[in-house]
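Asker: pasting a predicted model and its sequence here:
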Amino acid sequence: MSDLRELYQQVILDHNKNPRNFREMAGATSKIEGYNPLCGDHYTIFLQVDGDTIKDVSFTGNGCAISKASASVMSSMVKGKSREEAARLFEVFHKLVTGDASGVDAAELSRLAAFSGVSEYPARVKCATLAWHTLNAALEGEGQQAVTTE
Amino acid sequence: MSLAMSHALALDLERVRRDFPILHKPVRGRQLVYLDNAATTQKPRQVIERLVRYYEQENSNVHRGVHYLSEVATAAYEGSRSVIQRFLNARSEKEIVITRGTTEGINLVAQTWGRQNVREGDEVLITAIEHHSNIVPWQMLCAEKGATLRVAPVNDAGDVIIEEFAKLLNERTKIVAFGHASNALGTINPVRQMTQLAHDAGAIVVIDGAQGVPHLPIDVQQIGCDFYAFSGHKVYGPTGIGALYGRESLLEAMPPWMGGGDMILSVSFEKTTYNALPYKFEAGTPNIADTIGLATALEYVAALGLENIAAHEHELLTYATERLQEIDGLRIIGTAREKASVISFTLEGVHPHDIGTILDQEGIAIRTGHHCAQPLMMRFNVPATGRASFGLYNTTAEADALVDGLKKVIEVFR
């Protein structure tokens, strides 16, 4: 049970049950789908970007607790950030969930730290990073194409 | 003595479990509870030791050498074909083509009989419960030929609606392909009746037997099908090996699929004469060791008694189904009249992937996902399910462990 609490930390369970920014967005500047065909995780991420600033982020869809909580935490953390800041957060997050702690400091991580247990579960890394990969693709202007982390 | 008692005695579970070394290997510090048999089964030491013996004492190429080892290897390889023939009750060894597995068997039929006989405007009929391997080869064939793929629907229990299936058959239907049992729901199809209906319409019948062979005694003559494909690894044999049964007259008339050694009688740059059945369909050096391993696995299950295995698995299915219903918010997907020992389920508020991870911490292996049957998942309006599938070595105590594990899942997510 203790190992499981390491993975399913309270923040994750909370964001899974009550996901933040879980809605469609009218007037989004981009909308992109992220899909993991193997597990059936499927999200749509809506962005409103003004110049360099991510004014608003929301998402809809379904998937496991790790993927949904990750999308929820991500949405609450990148709102108001610049593209570069968002990219940096993804970099830090990616390091965290793949077990590479180099150059990651706790202050930067903030709520992302709840996903530290994921690195012990290689099969779940793709769940944790789906929303981030999707956001990344949206910011890089890959249009309306779907993204997958398979 | 009750029937159940006599079966329990007929299958000495303790002894059977001792035959499977991996069942005694701790997983995450726990005793392994392996409930992913529909994905692949574990191997008894009889099969493992047979593979070792082949490589240590018999290894050679087949059908070629005049030397001692080649004769031994050829005898073991061809003897294995004979075991498979008897296991399926085919009329002749000529009707048994060794393949890499079910998928290859189905593709072989699509690419040979299919390409030769299906024309523009023709139809191929499958059902809504098919595995991707019994969908995609037919889609490829239909796309190439300008033919149409038709799909017989299932009802909410997961049974193919036979009246609808029958209605979809017509004079344009050339091939009818369906699973013997569904890997995702467990549904056992009335294969004899479906075969009869298809034949009445003038179509040939291809059965995906991947989930049939491990759970049911198979008699291809009694079923009456034209092709029956299965995989060794689902029936306690090695991976990457399987067989295709084909009616001799059809195999005779079919063009070869792959060209190469072994499938020819003579080759010149002007003309090649193809070998006789079944070698016409076995190009290149075959997977000799695993074919022998497959035959050993079939002999193993035959010795335990297929009826005994079926009865034991049915008991497990009934017991586990009943116990799972104790769990609040658990919904079993697939409640067909006749089922193989496969239970697909969802748990309210918990994604199957999370169920799988938490059970894994308890040493319990189940499958989570769409089970290579995405259209079927859509039919039941679920993105994925958890699936517990039972094999001959599973016990009711393991079904209890699954129930306890699921209660832990609920505890984590409450």
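Answerer: Thanks, I have the structure now. Residues are numbered from 1 along each chain as shown, chains lettered A, B, ... in the order given.

Asker: from now on I want contacts and neighbour counts done on CA atoms only, so please keep to that.
Answerer: Will do.

Asker: could you pull out the helices in chain A for me?
Answerer: Assigned by DSSP state H, chain A shows helices spanning A:2-7, A:10-17, A:65-78, A:83-97, A:106-109, A:125-139.

Asker: quick one: buried residues of the fourth one?
Answerer: Read that as helix A:83-97. A:Arg83, A:Ala86, A:Ala87, A:Leu89, A:Phe90, A:Val92, A:Phe93, A:His94, A:Lys95, A:Leu96, A:Val97 (16 or more other C-alpha atoms under 10 Å in any protein chain shown).

Asker: chain B next: which of the residues you listed are close?
Answerer: Among the buried residues of helix A:83-97, no residue lies close to chain B (C-alpha under 8 Å from any C-alpha of the partner chain).

Asker: tell me which parts of chain A are close to chain B?
Answerer: In this structure, chain A approaches chain B at residues A:Leu4, A:Arg5, A:Tyr8, A:Leu13, A:Leu38, A:Cys39, A:Gly40, A:Asp41, A:Gly63, A:Cys64, A:Ala65, A:Ile66, judged by C-alpha under 8 Å from any C-alpha.

Asker: what sits closest to residue 16 if chain neighbours are left out?
Answerer: If you meant another chain, say so; for now it's chain A. In space, and not counting its chain neighbours, A:Asn16 is closest to A:Ala69: 4.7 Å by C-alpha to C-alpha, 6 or more residues apart in numbering or on different chains.

Asker: hmm, no, I was thinking of chain B.
Answerer: Spatial nearest neighbour of B:Val16, excluding adjacent residues (C-alpha to C-alpha, 6+ apart): B:Tyr393 at 6.3 Å.

Asker: same question, B:Leu324
Answerer: Counting by C-alpha to C-alpha, 6+ apart, B:Val403 is the residue found nearest to B:Leu324 once chain neighbours are left out, at 6.2 Å.

Asker: other SSEs contacting the helix or strand containing B:Ala73?
Answerer: Using DSSP states H and E, the element containing B:Ala73 is helix B:68-88. With contacts taken as 3 or more C-alpha pairs under 8 Å, 6 or more residues apart in numbering or on different chains; DSSP states H and E, helix B:68-88 sits against strand B:96-99, helix B:288-304.

Asker: relative to chain A, how far out is the residue lying farthest from the centre of chain B?
Answerer: Within chain B, B:Glu270 marks the point farthest from the mean C-alpha position, 40.9 Å out by C-alpha atoms, centre = their mean. As judged by C-alpha to the nearest C-alpha, to the nearest Å, B:Glu270 and chain A stand 48 Å apart.

Asker: beta partners for the residue in the stretch 201-350 of chain B that chain A sits nearest to?
Answerer: At 7.3 Å from chain A, B:Val350 is the closest residue in the stretch 201-350 of chain B, using C-alpha to the nearest C-alpha. Beta-bridge pairing of B:Val350 under DSSP bridges involves B:Leu347.

Asker: give the contact list for it.
Answerer: By C-alpha atoms under 8 Å, 6 or more residues apart in numbering or on different chains, B:Val350 lies in contact with A:Cys64, A:Ala65, B:Ile410, B:Phe413.

Asker: repeat the analysis, applying 10 Å as the threshold.
Answerer: B:Val350 makes contact with A:Asn16, A:Lys17, A:Gly63, A:Cys64, A:Ala65, B:Gly329, B:Leu330, B:Val409, B:Ile410, B:Val412, B:Phe413, B:Arg414, according to C-alpha atoms under 10 Å, 6 or more residues apart in numbering or on different chains.

Asker: max pairwise distance over those residues: which two?
Answerer: Greatest spatial distance in the contacts of B:Val350: A:Asn16 and B:Leu330, 19.0 Å, computed using C-alpha to C-alpha.

Asker: higher neighbour count, these two?
Answerer: Using other C-alpha atoms under 10 Å in any protein chain shown as the criterion, A:Asn16 and B:Leu330 rank with A:Asn16 on top: 24 against 16.

Asker: for the strand or helix carrying B:Ala198, packing partners?
Answerer: If you go by DSSP H and E, B:Ala198 is part of helix B:191-200. Packing partners of helix B:191-200 (3 or more C-alpha pairs under 10 Å, 6 or more residues apart in numbering or on different chains; DSSP states H and E): helix B:162-168, strand B:173-179, strand B:204-208, helix B:220-223.

Asker: for B:Ala90, which of the ones you listed is the nearest?
Answerer: Closest of these to B:Ala90 is helix B:220-223, at 6.2 Å (criterion: C-alpha to C-alpha).

Asker: next, the angle helix B:288-304 makes with whichever helix or strand comes after that closest one.
Answerer: Under the assignment DSSP H and E, the closest C-terminal helix or strand after helix B:220-223 is strand B:227-231. Strand B:227-231 and helix B:288-304 are oriented at 100 degrees to each other (axes from the mean of the first three to the mean of the last three C-alpha atoms, to 10 degrees).

Asker: which helices and strands sit right next to strand B:227-231?
Answerer: strand B:96-99, helix B:102-109, strand B:173-179, strand B:204-208, strand B:242-246, helix B:248-253.

Asker: quick one: low-confidence parts of chain A?
Answerer: For chain A, the stretches with pLDDT under 70 are A:1-2, A:142-150.

Asker: run the last query once more with 50
Answerer: Residue ranges of chain A with pLDDT under 50: A:1.

Asker: and A:Asn21, how many neighbours?
Answerer: Neighbours of A:Asn21 (other C-alpha under 10 Å): 19.

Asker: now do the one 4 residues further on
Answerer: Other residues near A:Met25 number 19, with proximity taken as other C-alpha under 10 Å.

Asker: would you check that it makes contact with A:Ile32?
Answerer: No. With contact defined as C-alpha atoms under 10 Å, A:Met25 and A:Ile32 do not form a contacting pair (11.9 Å).

Asker: and the gap between B:Pro286 and B:Ile355?
Answerer: From B:Pro286 across to B:Ile355, the span is 40 Å (C-alpha to C-alpha, to the nearest Å).

Asker: ok, those two, which is more surrounded?
Answerer: B:Ile355 (24 against 17).

Asker: hmm, B:Thr346 and the more buried one touching each other?
Answerer: Yes. Under the criterion of C-alpha under 10 Å, B:Ile355 makes contact with B:Thr346 at 9.3 Å.

Asker: which residues do these two both contact?
Answerer: Joint contacts of B:Ile355 and B:Thr346 (C-alpha under 10 Å, 6+ apart) are B:Thr368, B:Thr385, B:Gly386.

Asker: ok, now which ones touch the nearest residue to B:Leu304 once chain neighbours are set aside?
Answerer: Spatially, and ignoring its direct neighbours in sequence, B:Leu304 is nearest to B:Leu11 (6.7 Å; C-alpha to C-alpha, 6+ apart). B:Leu11 sits next to B:Leu304, B:Gly305, B:Asn308, B:Ile309, B:Ala311, B:His312, B:Leu392, B:Tyr393 when contact means C-alpha under 10 Å, 6+ apart.

Asker: thought B:Ala10 was touching the second one, still the case?
Answerer: Yes. Using C-alpha under 10 Å, B:Gly305 is in contact with B:Ala10, at 8.3 Å.

Asker: list residues touching both of the two?
Answerer: Residues touching both B:Gly305 and B:Ala10 by C-alpha under 10 Å, 6+ apart: B:Ala311.

Asker: now B:Phe345, what's its secondary structure?
Answerer: Following DSSP: H, G, I helix; E, B strand; the rest coil, we place B:Phe345 in the strand state.

Asker: what's the overlap in contacts for A:Met25 and A:Ile32?
Answerer: Counting by C-alpha under 10 Å, 6+ apart, the shared contacts of A:Met25 and A:Ile32 are A:Ile45, A:Phe46, A:Leu47, A:Phe59.

Asker: residues in contact with B:Gln139?
Answerer: Counted by C-alpha under 10 Å, 6+ apart, B:Gln139 has contacts B:Ala110, B:Val124, B:Lys145, B:Ala147, B:Thr148, B:Leu149, B:Arg150.

Asker: of all the residues in the helix holding B:Ala73, which ones are buried?
Answerer: In helix B:68-88, counting by 16+ other C-alpha under 10 Å, buried: B:69-74, B:76-88.
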